[in-house]
Each structure stands twice: as C-alpha cells, then as structure tokens.
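Undergrad: Kindly generate the corresponding structure for this input.
(one chain, ligands or ions: 2)
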Amino acid sequence: PESFLSVRDLQVTFATEDGPVKAVDGLSFDVRRGSTLGIVGESGSGKSVTNLTILGLHNPRTTTVDGEILLEGKELITTPEKEMEKLRGNRMAMIFQDPLTALSPFYTVGWQIAEPFQKHTGASKKEAWQRAVDMLEKVGIPNPKERAKDYPHQFSGGMRQRAMIAMALVCDPDLLIADEPTTALDVTVQAQILDLLKDLQQEFGSAIVFITHDLGVIADVADDIMVMYAGRAVERGTVDEVLRSAQHPYTWGLLNSMPRLDSDLSLPLEPIPGTPPSLLSPPSGCRFHPRCTFRDRVGGSRCVEEVPALGQGRSSACHLTAEQKRTIYLDEIRPGL
Ligand code: SF4
Ligand code: MG
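TA: Ligands and ions are numbered 1, 2, ... in the order given. Okay, the predicted model is just below:
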C-alpha cells in the first residue's frame, strides 16, 4: 500500500529556560492514502507536537526539528514557511479540540469557510460563498444558506465543530490532522462528529491522522494505531491487532482505564499509576519503567538500562518476550477487561 505521509526518525527539541526538552525522540511512521492513523497517548507523549511539526506550525526560533517528513515524497521540514502556508489549508488541514481557536469571532461562519477556498482556488467571491454553503450542508448544518451568515457564537459547540470540519475540508485536503476533535463534546455529539468524519473521508479520500488519549475513539475511527509514550512510539499495528492482542504494558494500562459499555459505570476506572516523566530528564532505558509493573518478568536491570526498539509493522517496544506478551495479555489483562 502506498505511503502518503512518511515520518522518519523525527526529533523535535524545544529550548526552554530549564534546558532542552526532547518532545519527540526518533519517531517513524507511515500513513496510507485514504486511511486513518490513530495516535494515542497521554498529554506530554509528543502526539500533538508531532502533528504541529508536520504542519510546520512549531515556533522555529525555539524548536529544532531533525529527521524527515515526506508528503508524497516532498520533504516538509526544509520547505520554506511561505510554501508551507500554501500547503496548509490546501493539501493539509487541521481540526482542533476547540473550534474557537480556529474560528474568528469577528467574521461570519460562511465567510471563514469561503475565504480559504477563494484564496487557494482563485474562485470568485460568489462561487466561494456557494461552496461554503454546500460544505455547511455536507457537515449537517440545517438551513445552511441562512446559518452561513451567522457568527460562531450563534452556533452550539457541536455545530461549531461541524463548521470547523467544513473549513478544514473546503479545499479537499489530502491530509487531515484531527487533534482531540471530540474531547470537549458530549457523547452523543461526539459519536455524530466521528460518523461525519468517516463519511467525509469516504467522499474526499483524505488520509487522516487522528490524535486522542481515548482508545475507544480510536477503535471507532482508525485503521492503524500508534501508541506514544514520553516522546517515543511504544506499540503499533492495525486497530484489530492492537485492541485484540495488545503487547505493551503501557497499552495494557490504557485498555484498563477505558470505560466499558457492559461494565458497572459506578466502578472507578483504573488509570495507570504514576505520571508521565519530565522530558527534561527522561528515565533511562525504557521510559515507561518507573510505572511498569512487569519489569520483574524481564529480570535484571535490562528495562532500566536498555532502550527497547520498535520494529516495522506490527511491533511493540518492550523487552518482554513475544511469548510473555501473548500470555500476559491473554491470562492476566484480557480477563479483567
Ligand atoms: Fe515494562 Fe520493561 Fe517492557 Fe518497559 S521494557 S514496558 S519497563 S517490561
Ligand atoms: Mg487540495
């Protein structure tokens, strides 16, 4: 399958007052055309930084980026900002968690969808307005002709999210990056928005990178999953592979903290004990080792000393043997889920 977006050994380092922070440390992944990659991890795992870097939205004065980001073979890291500006909105677009960071309170919703279309395609103002109305209809805004004249504050939260999706898709981007797009919405609206994204992907054929801390959402929208922890990828595979036979202790923890439909919701979820490490001085060896309850099974000090490697395709970065990963998941993790 053709890789549409290829990220190779990406390293993103921020200069801070306390010293350099390596927010992303040697990340490689591929996104196939028309498919959805779900990137999952806690805050501070580097998932959002990765995607801001792909879009070229990082601050170049405080951020050092190494490695390769190839969009259909075109290297983005070295692409000048003027050209990146053209790519954003046209070939690449982003949906944020909070629509108010993308929508301006001072312009009508219709104009904010029409404007980038006009800019990128050279369409007339009238054509662009019609396109905006069509897009609002596509994302399920009732009475779009009239609602296009409204300002964002006249829309509900769910409708603003739909409007932002319309804005992101108006130029038919090949790559859509969605960063926690449904986190702020209630469950019903969240499900509607996810359905909408899936339908639009069918229609537009975009590749989507979907970032979330919620494995349940990933299960719903993604084809492939990459789990990130402390700036590195720790597990990857198809949705089926990762959800049916998770291999990494961190992924097990995430699965454990997922609300389950058939469970008693009054029971507290089991979040992973401890907090993600500071990336100013990350733990040696496996970065998950201070929180991992399976270190003893590996034995010795290997987890503390040796960085576990992540392979290509279906793989997990953990020193447990393949047999241990399989049996622990089947005998100890899954029965509790
Ligand atoms: Fe746990 Fe060791 Fe595997 Fe890291 S390498 S996840 S510390 S068992
Ligand atoms: Mg386009």
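Undergrad: Isn't Ala207 up against Ser6?
TA: No - counting by CB atoms under 8 Å, Ala207 sits too far from Ser6 to count as a contact (11.3 Å). From N, CA and C alone the C-beta is placed, and that goes for glycine too.
Undergrad: If you count surrounding residues, which of the two has more?
TA: Set side by side, Ala207 and Ser6 show more neighbours around Ala207, with 24 against 15, by other CB atoms under 10 Å.
Undergrad: Show the pLDDT at the more buried one.
TA: For Ala207, the model assigns a pLDDT of 91.
Undergrad: And it, how far from Leu87?
TA: 14 Å (CB to CB, to the nearest Å).
Undergrad: hey, what's in contact with both of the two?
TA: Here Ala207 and Leu87 share no contacting residue, scored by CB atoms under 8 Å, 6 or more residues apart in numbering.
Undergrad: Just give the number of residues close to Phe96.
TA: Around Phe96 there are 18 residues (other CB under 10 Å).
Undergrad: pretty sure Glu42 contacts Phe288?
TA: No - counting by CB under 8 Å, Glu42 stays clear of Phe288, with 11.1 Å between them.
Undergrad: Quick check: neighbours shared by the two?
TA: Tyr229.
Undergrad: who has more neighbours, those two?
TA: The neighbour count for Glu42 versus Phe288, taken as other CB under 10 Å, is higher for Phe288 (26 against 17).
Undergrad: Show me what the helix or strand containing Asp9 is packed against.
TA: Element membership for Asp9 (DSSP states H and E) is strand 3-16. Secondary-structure packing of strand 3-16 (3 or more CB pairs under 8 Å, 6 or more residues apart in numbering; DSSP states H and E): strand 19-32, helix 47-54, strand 63-71, strand 207-212.
Undergrad: ok, 10 Å please
TA: Applying 3 or more CB pairs under 10 Å, 6 or more residues apart in numbering; DSSP states H and E, one finds that strand 3-16 contacts strand 19-32, helix 47-54, strand 63-71, strand 175-179, strand 207-212.
Undergrad: Tell me where the model's unsure across the stretch 1-150 of the chain.
TA: 1-2 (pLDDT under 70).
Undergrad: So which bits of it are right by ligand 1?
TA: Within the stretch 1-150 of the chain, no position is adjacent to ligand 1 by CB under 6 Å from any ligand atom.
Undergrad: If you tally nearby residues, what's the number for the residue in the stretch 1-150 of the chain positioned nearest to ligand 2?
TA: Proximity of the stretch 1-150 of the chain to ligand 2 (CB to the ion) peaks at Asn90, 4.9 Å away. The number of residues packed near Asn90 is 18, by other CB under 10 Å.
Undergrad: Equivalent analysis for the one 4 residues further on, please.
TA: By other CB under 10 Å, the residues close to Met94 number 23.
Undergrad: residue contacts, the closest residue in space to it that isn't next to it in sequence?
TA: Excluding the flanking residues, the one nearest Met94 by CB to CB, 6 or more residues apart in numbering is Ile177, at 4.6 Å. For Ile177, the contacting residues are 5, 31, 39, 48, 50-52, 54-55, 57, 92-96, 168, 206-211, by CB atoms under 10 Å, 6 or more residues apart in numbering.
Undergrad: For ChimeraX, what selects the buried ones among those?
TA: Command for ChimeraX that selects the buried part of the contacts of Ile177, burial taken from 16 or more other CB atoms under 10 Å:
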select :5,31,39,48,50,51,52,54,55,92,93,94,95,96,168,206,207,208,209,210,211
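Undergrad: Show me the subset of the contacts of Ile177 that also lies near ligand 2.
TA: Taking CB under 5 Å from the ion as the test, ligand 2 is in contact with none of these.
Undergrad: hang on, the earlier thing: settle this for me: the residue of the stretch 1-150 of the chain closest to ligand 2 is touching Leu169, isn't it.
TA: No - applying CB atoms under 10 Å, one finds Asn90 not in contact with Leu169, separated by 11.5 Å.
Undergrad: re the thing from before, and the residue of the stretch 1-150 of the chain closest to ligand 2, that's in a helix?
TA: No - counting by DSSP: H, G, I helix; E, B strand; the rest coil, Asn90 is not found in a helix; it is coil.
Undergrad: how much space between it and Phe288?
TA: 39 Å.
Undergrad: repeat for Val49
TA: With CB to CB as the criterion, Val49 and Phe288 are 19 Å apart.
Undergrad: quick one, longest helix in the protein?
TA: The residue-count maximum for a helix in the chain (DSSP state H) belongs to helix 187-204.
Undergrad: What residues sit buried inside it?
TA: So for helix 187-204, counting by 16+ other CB under 10 Å, buried means Val189, Gln190, Gln192, Ile193, Leu194, Leu196, Leu197, Leu200, Gln201.
Undergrad: Direction-wise, compare it with strand 207-212 and give the angle.
TA: On the basis of axes from the mean of the first three to the mean of the last three CA atoms, to 10 degrees, helix 187-204 is oriented at 160 degrees to strand 207-212.
Undergrad: how far is helix 187-204 from where the chain is centred?
TA: 15 Å (CA atoms, centre = their mean, to the nearest Å).
Undergrad: and that helix, average pLDDT?
TA: The model assigns helix 187-204 a mean pLDDT of 83.
Undergrad: how about that helix against ligand 2, any contact?
TA: No - shown here: helix 187-204 not in contact with ligand 2 (CB under 5 Å from the ion), separated by at least 9.3 Å.
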